[in-house]
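K.L.:
Dropping a prediction and its sequence here:
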Amino acid sequence: MIEIDAITKRYDENTVVDNVSMVIEPRTVTVVVGTSGSGKTTLLRMINRLVEPTEGMIRLDGEDNRAIPGHELRRRIGYAIQGHGLFPHRTVAQNIATVPGLLGWEKSRIDAKVEELLTLFQLDAKTFGPRYPHELSGGQQQRVGVARALAAEPNVLLMDEPFGALDPIIRAKAQEDLLAIQRHFGTTIVLVTHDMNEAFHLADKIAVMDKGRVLQYGPPVELVRAPAAPFVETLIGDTERPFRLLAIAKAGAAAEPGDADGEPIHEDRSQQEALADLLWSGRNALPVISATGVPMGRVTLEALLKHAARPQ
Amino acid sequence: MRIRFDKLGIVIALIAACGVFFSAFAVLKPNRILQGQAKTILEALPAWAGWGLLVLLAVATAIALFRMSPWLKLTAAAAALAALTIAIGYAASFLTPAGNSYARVSPASGFWILLFAFALLAADALTRLQPPPWMRVLFLAITGGGIALLLISGSWDGLSIMKEYGGRADVFWIEAGKHVTLALGSLFAAVLAGLPLGILCHRVTWLRTGVLNTLNLVQTIPSIALFGILIGPLAWIAATVPGAAALGIRGIGAAPAFVALFLYSLLPVVANTVVGLAGVPPEANDAARGIGMTDRQRLFQVEFPLALPVILTAIRIVLVQNIGMATIAALIGGGGFGVFVFQGIGQTAMDLVLLGAVPTVALAFAAAVMLDALIEANSRVPNGVSAA
Ligand SMILES: Nc1ncnc2c1ncn2[C@@H]1O[C@H](COP(=O)(O)OP(=O)(O)OP(=O)(O)O)[C@@H](O)[C@H]1O
Ligand SMILES: [Mg+2]
């Protein structure tokens, strides 16, 4: 659990982060969004004390993050910096091995970890391990940057626009991988992004920042249903609202008893995907099956439309 | 097949022609001081050797003149250089009248011009081949080995420079040792002091300008003046600090030379350390802190390796500079190859000057090649630093 308690950062007279308080639950994904210069990076860097706050306090699992030396704190917290920040004089494998090395892991354990992570990020360990960062594409560099942040299996992972340079296909894949890793290790992730689709796809909770303040902090549904400020509404986008609602709800949640023809949809796909299927195939209803393949009834166009409508 | 000329080849051919047709190959002097008689290649060598050398030089020049594989050019240059160096030794024994131990034969301008022309060809071919660092060191070793072989075989013994050496072989090696100790020792001391000073200047901004300006100022003091300035303080230290004199610290001799070379070396080392550290990508530094390196770990694992090529460049500059400047040390009794240079000037014996100058140049050249190779081997990421 990360408790951010009335944290403020000023550079001279310029207040960059302004009295922010929020509680980040363990094993969740929190996404911070906001315009450029709104203080997202600064907020993130105060968690691992790359930036020392002017006022306020941050507690990790109840313990003040100033209780141990900064470098020890940072070894426990994974950090993928904005732009990959790989060490140009070290190979991909050596880059990923950095933190385990600092922690004094055994060589065999480090090697196994490096290989596991490279494979996880779809980089062949034999091909990419010995390469230098400048021999990789921008997207590959970013994935290595994230892999390096994950190497020591941290409980908390801070990510600053980690997927900015990825094409849509790789980006979607990287997001899935991240969620899988998060579930597997139970990592608490705080991620900064400019991409609202990414935010809605990944987030358990979203924090919207503007001019150093957190305007709203809550689950994605809440942001759509009850935006706390006009800025939040603008950020989500008028024309996007119904689709955002469908995007964050599961098909299974709209299932009702009944039959339908054609290709079934998995319960854990989003309602947006169910709607797309219905519209594209010109049908009114789709069969829904559970993850194990058991029929769960159907999803109707009518039900989806109701879900997408403005909450009363 | 269209024949195309190589631009540099034309220049090389002109220089070589100059060396063959308008300058003498060797000079025969009645003794080590008097003016001598100039001899062309055909006069300086028996007919078969003279013509043989001319034909070989002509072929090598032709290869230089046209666009051909760099390997062929390198081979031609190597053959021409080897032939020239062997021929000059042969000319010496051929020209020296039998039983005359006063007569001296030395290379004349034509020899040096030809040597320069084909060295240029070799350098050009090497630039085009872009051999990896280890291969350049190998070429250097082969060249050194070849020269050593010529020296040991005695085929140069007739040359005046070797006669000068023959008379003072013991002193030569003692002075060589002093020269190298002076050049390397002052470099070592400068690195030992300059690196921490550079790191300090990088971290502490207000210190930077002051230190660099002071060192810049030192650099502008002429060496003779610096020796003069140092005599006083060092003599005082020798007289007052117990044990200093026993360590060899005196107003004149090796100590002021060492201190002067050390001071001159400091600026390149400190300045390049500062520049190198400033050139480390900020993202790499940020990431290093972000993943939990301490300041010391960041210095040794990230900043230092990334700045190393720039620092090595400074060490290369300093080493070559020191090998050259150590010659001046002889002026204040510091020893080194300069001893022969200044003795030679005093006696107007050019051969003795060469005995001091040639090893100095060879040493500086070898040091430059080896350090260049070391620098290249250490910058595996040619674009990485700026692209990251
Ligand atoms: N070291 C610093 N000194 C002074 N001002 C700073 C410093 N670091 C950041 N700022 C200022 O703080 C503000 C917030 O910066 P921050 O990097 O947190 O923004 P951000 O939300 O991450 O923006 P982006 O989306 O562009 O990355 C900016 O106006 C920036 O100029
Ligand atoms: Mg930022």
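P.N.:
Okay, I see it. This is a predicted model, so every value here is computed, not measured. Ligands and ions are numbered 1, 2, ... in the order given.
K.L.:
Break the chain down into its domains, please.
P.N.:
Answering for chain A, as no chain was given. A:2-236, A:243-308 (automatic domain parsing).
K.L.:
that's the other chain; I wanted chain B
P.N.:
Following automatic domain parsing, chain B resolves into domains at B:7-159, B:169-384.
K.L.:
for the ones you listed, which one sits closest to ligand 1?
P.N.:
Ligand 1 lies closest, by CB to the nearest ligand atom, to one member of those: domain B:169-384, at 11.2 Å. Any C-beta I mention is one placed from the backbone N, CA and C, and that applies to glycine too.
K.L.:
circling back: now the domains of chain A in TSV, with mean neighbour count, distance to ligand 1 and mean pLDDT?
P.N.:
Listed next are the domains of chain A as TSV, based on neighbours: other CB atoms under 10 Å in any protein chain shown; distance: least, CB to the nearest ligand atom, whole Å; pLDDT from 0 to 100:
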stretch	mean neighbour count	distance to ligand 1	mean pLDDT
domain A:2-236	19	3	92
domain A:243-308	17	21	89
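K.L.:
rewinding a little: how about the domains of chain B, which one is nearest chain A?
P.N.:
With CB to the nearest CB as the criterion, chain A lies closest to domain B:169-384 of those, at 3.3 Å.
K.L.:
Could you confirm whether that closest one reaches ligand 1?
P.N.:
No - using CB under 6 Å from any ligand atom, we find that domain B:169-384 stays clear of ligand 1, coming within 11.2 Å at best.
K.L.:
Identify the residue nearest B:Cys18 in space, chain neighbours excluded?
P.N.:
B:Ile113 (5.8 Å; CB to CB, 6 or more residues apart in numbering or on different chains).
K.L.:
so that neighbour sits right up against B:Leu14, yeah?
P.N.:
No - using CB atoms under 8 Å, B:Ile113 is not in contact with B:Leu14; the gap is 10.5 Å.
K.L.:
Who has more neighbours out of those two?
P.N.:
B:Ile113 (18 against 12; other CB atoms under 10 Å in any protein chain shown).
K.L.:
Whatever helix or strand the more buried one lives in: which residues count as buried?
P.N.:
Assigned by DSSP states H and E, B:Ile113 belongs to helix B:109-129. Buried residues in helix B:109-129, counted by 16 or more other CB atoms under 10 Å in any protein chain shown: B:110-111, B:113-115, B:117-118, B:120-122, B:124-126, B:129.
K.L.:
Now do it: which elements does it pack against?
P.N.:
helix B:7-21, helix B:47-65, helix B:70-95 (3 or more CB pairs under 8 Å, 6 or more residues apart in numbering or on different chains; DSSP states H and E).
K.L.:
hmm, back to that, and the buried residues of helix B:109-129, which two are furthest apart?
P.N.:
Farthest-apart pair in the buried residues of helix B:109-129 is B:Gly110 and B:Leu129; separation 28.7 Å (CB to CB).
K.L.:
quick revisit: can you list the domains of chain A in a markdown table and add distance to B:His179?
P.N.:
Formatted as a markdown table, those follow (distance: least, CB to CB, whole Å):
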| stretch | distance to B:His179 |
| --- | --- |
| domain A:2-236 | 36 |
| domain A:243-308 | 78 |
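K.L.:
picking up where we left off before, and which of the buried residues of helix B:109-129 is nearest A:Val29?
P.N.:
When the buried residues of helix B:109-129 are compared for distance to A:Val29 (CB to CB), B:Leu129 wins out at 55.6 Å.
K.L.:
Quick check: which of the helices and strands packed on helix B:109-129 is buried the most?
P.N.:
helix B:70-95 (a mean of 20; mean count of other CB atoms under 10 Å in any protein chain shown).
K.L.:
Quick one: list the elements packing against it.
P.N.:
Against helix B:70-95 (3+ CB pairs under 8 Å, 6+ apart) you get strand B:26-29, helix B:41-44, helix B:47-65, strand B:104-107, helix B:109-129, helix B:133-153.
K.L.:
what is the mean pLDDT for the third one?
P.N.:
Summarised as a single mean, pLDDT over helix B:47-65 is 93.
K.L.:
cool, and the second one?
P.N.:
What helix B:41-44 shows for mean pLDDT is 90.
K.L.:
what do you get for the first one?
P.N.:
Computed over strand B:26-29, the mean pLDDT rounds to 90.
K.L.:
How far away from the center of its chain is it?
P.N.:
27 Å (CA atoms, centre = their mean, to the nearest Å).
K.L.:
before we move on, back to that, of all the domains of chain B, which one comes closest to A:Ala260?
P.N.:
domain B:169-384 (51.3 Å).
K.L.:
how about JSON lines for the helices and strands packed on helix B:70-95, with distance to A:Leu123 added?
P.N.:
Below are these laid out as JSON lines (distance: least, CB to CB, whole Å):
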{"stretch": "strand B:26-29", "distance to A:Leu123": "66"}
{"stretch": "helix B:41-44", "distance to A:Leu123": "65"}
{"stretch": "helix B:47-65", "distance to A:Leu123": "49"}
{"stretch": "strand B:104-107", "distance to A:Leu123": "62"}
{"stretch": "helix B:109-129", "distance to A:Leu123": "35"}
{"stretch": "helix B:133-153", "distance to A:Leu123": "30"}
